[in-house]
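Engineer: okay, predicted coordinates and the sequence, questions at the end:
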Amino acid sequence: SRIKEKQDLKECREEYVAQIHLLRARAAAEQYDLKSAQAQLACACDLARDICSYDLHAELHDVAALIHIAKGEYLQAAWHLDSEAENLRLAGNYREIPTALQLAAAADEQAGRWTLAADRLCRAARVLYGRGEMKKAWRQVERATVMAESDCSEATKSRLALLAGEILQTLAADGEPMPPSNKVSEML
């Protein structure tokens, strides 16, 4: 038990120091000091390698995405944000998942990858719908529908139409007013 306690204490210290490096990396990236941001992120990654914390790994991906956005590398940023969402799911931190997916969709949109952007917005809308946040879910469906018009797979369009139908049915069952949207209505 002493060995386990010692190992847990070491891991706790390393996670704390990794968080400090991530904070420094975020601050540097926000000031476009990318060399310093990348160095701090590398230190945090080295420390986090042996730490089994999905929250920490989600934060690593979030900071890496911020650095890629600052560099104008939107595809890489979207990948990191999607990985952040997955780590948040594994950590049980469901509240932050829609935000990560919405940011990933924005990065995909910047890169001109409409199908991926619409798909990520659909995933964010589904999480919001599952939490009962109908208006927020509907807004994501509307955004995704606009993207789906550009260049989107039929599978994504079908998922969007199904989700829009579910939201409308739930709103009708709850006696809520139907949100107006010509784009979504055309899709249904």
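Structural biologist: On my side now, so go ahead. Residues are numbered from 1 along each chain as shown.
Engineer: and the closest residue to residue 75 other than its chain neighbours, how close does it get to residue 104?
Structural biologist: Spatially, and ignoring its direct neighbours in sequence, residue 75 is nearest to residue 111 (5.0 Å; Cβ to Cβ, 6 or more residues apart in numbering). From N, CA and C alone the C-beta is placed, and that goes for glycine too. As judged by Cβ to Cβ, to the nearest Å, residue 111 and residue 104 stand 11 Å apart.
Engineer: the more surrounded of these two?
Structural biologist: Each of residue 111 and residue 104 has its neighbours counted (other Cβ atoms under 10 Å); residue 104 has more, 28 against 17.
Engineer: run through the residues that contact the more buried one.
Structural biologist: When contacts are counted by Cβ atoms under 8 Å, 6 or more residues apart in numbering, residue 104 is found next to 65, 77-78, 81-82, 85, 120.
Engineer: per-residue confidence for residue 153?
Structural biologist: Looking at residue 153, its pLDDT is 75.
Engineer: could you shift the numbering so residue one becomes 5, and keep it that way?
Structural biologist: Will do, 5 is the new start, and the previous item becomes residue 157.
Engineer: that one contacts residue 121, correct?
Structural biologist: No - the pair residue 157 / residue 121 is not scored as a contact, 12.0 Å apart, by Cβ atoms under 8 Å.
Engineer: give me the more crowded residue out of these two.
Structural biologist: The residue with more neighbours, out of residue 157 and residue 121, is residue 121; 28 against 14, by other Cβ under 10 Å.
Engineer: dump the residue contacts of the more buried one.
Structural biologist: So residue 121 contacts 109-110, 112-113, 148, 151 (Cβ under 8 Å, 6+ apart).
Engineer: alright, that wraps it up for me.
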